[in-house]
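Novice: quick one: sequence and predicted model below, then my questions.
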Amino acid sequence: MIFSKRFSLVIKTFIAVFIFVLLISFIPITKVIRYSEQQADTIFQSTIYPVPIPDSLTFAGEAVPLEFFDVRESLDRELQVNTFWHSQTLLLLKRANRYFPIIEPILEANNIPIDFKYLAVAESGLTQAISPSKAVGFWQILEGTGEELGLEINNEVDERYHIEKSTQAACQYFKKAYEKYGNWTMVAASYNFGMNGIDKQILRQENDSYYNMVLGEETGRYIFRILALKVIFENPTLYGFILNKSDLYPPLEYYEVEVDSTITNISAFARHFKTNYKILKFFNPWLRESYLTNKLNKTYRIKIPKEGFRETVYKK
């Protein structure tokens, strides 16, 4: 009995001490820290400041109403996000040097404002991305939409991955949407939201200005992200992005060969042209298999990297 009481007392004491220690560990300890002038200067230099917002801005030649507080704050949000997302924005600037020279002439040839190149940046980050909804490529085109726009899409060939052809297809959409809305900003918004969705909201809200409409989180941020990218890309130094020419990804150098018959083995085809399967697919991501049946004997133009390009591309 005495042993039981002593044992019980020990247990109770242990529990009390444990609870005391636990409580102590959660009590904040305040400590006054004093910095020297040199330390204070170092801390001040690492302070993060908000990035500048331009006094005026246009998209595709159309004025952005920055005098409206909600418009200005929406742009502010995207500028802060894309400026301080350093790694992603740096990569976008690097890739743009390679791919804008491909996209820009196609936009110009179709009389599409050059600012639409930033849609490709916003859509895919200038990569051959695949979305959860199975939208594909630089322009994130769905299979049904791609076929409507004249792209070949099957197990062996998917031209949504073809930069030139998918850009041309996107231009067809932009022209059709402009005929409908007569406003490039709404054309860009409809590319994200769909023309049917935009039409329903125009009727519901009795308004046809993007900046006066509620279009959900994604489309509501879409144009502002494009605008933020435009602002940063046009003056990267102002936003803290310092890149040398050697930092940028160089345009791909290649020549093209025409193929109007079957390629039974793309690896062997690549070796014939002194390259390999990986690099041939990098230059021609629209080739989706390790062969090309080509039962209809269509003529395809396949890009072949210039000899030595891979080895010399980053020599300074």
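Specialist: Done, it's in. Residues are numbered from 1 along each chain as shown.
Novice: contacts and neighbour counts: CA atoms only from here.
Specialist: OK.
Novice: can you pull the contacts of the residue most central in space within the chain?
Specialist: Closest to where the C-alpha atoms of the chain average out (CA atoms, centre = their mean) is residue 125, at 2.5 Å. Residues near residue 125 by CA atoms under 8 Å, 6 or more residues apart in numbering: 92, 138.
Novice: quick one, phi psi at it?
Specialist: Dihedral pair for residue 125: phi 70, psi 20, per degrees, to the nearest 10.
Novice: pLDDT on stretch 225-236, on average?
Specialist: Average pLDDT, stretch 225-236: 96.
Novice: and that stretch, what's buried?
Specialist: Across stretch 225-236, burial judged by 16 or more other CA atoms under 10 Å covers 225-233, 236.
Novice: name the residues that touch it?
Specialist: For stretch 225-236, contacts defined as CA under 8 Å, 6+ apart pick out 59, 75, 78-79, 82-83, 93, 115, 118-119, 121-122, 238-239, 242.
Novice: doesn't residue 285 make contact with residue 156?
Specialist: No - the criterion here is CA atoms under 8 Å, and residue 156 misses it with residue 285 at 10.8 Å.
Novice: higher neighbour count, those two?
Specialist: Relative neighbour count places residue 285 above the other of residue 156 and residue 285, with 20 against 16, counting by other CA atoms under 10 Å.
Novice: in this structure residue 209 contacts residue 186, no?
Specialist: Yes - using CA under 8 Å, residue 209 is in contact with residue 186, at 7.2 Å.
Novice: which residues touch residue 63?
Specialist: By CA under 8 Å, 6+ apart, the contact list for residue 63 reads 56-57.
Novice: cutoff 10 Å now
Specialist: Shown in contact with residue 63 (CA atoms under 10 Å, 6 or more residues apart in numbering): 56-57, 185.
Novice: what's the first helix or strand after the helix or strand bottoming out on mean pLDDT in the chain?
Specialist: Lowest by mean pLDDT, DSSP states H and E among the helices and strands of the chain is helix 37-45, with a mean of 49. Scanning forward in sequence from helix 37-45 by DSSP states H and E, the next helix or strand is strand 58-59.
Novice: packing partners for that following strand?
Specialist: In terms of contacts (3 or more CA pairs under 10 Å, 6 or more residues apart in numbering; DSSP states H and E), strand 58-59 is packed against helix 184-193, helix 216-234.
Novice: that one: how far from the chain's middle?
Specialist: Computed by CA atoms, centre = their mean, to the nearest Å, the chain-centroid distance of strand 58-59 equals 19 Å.
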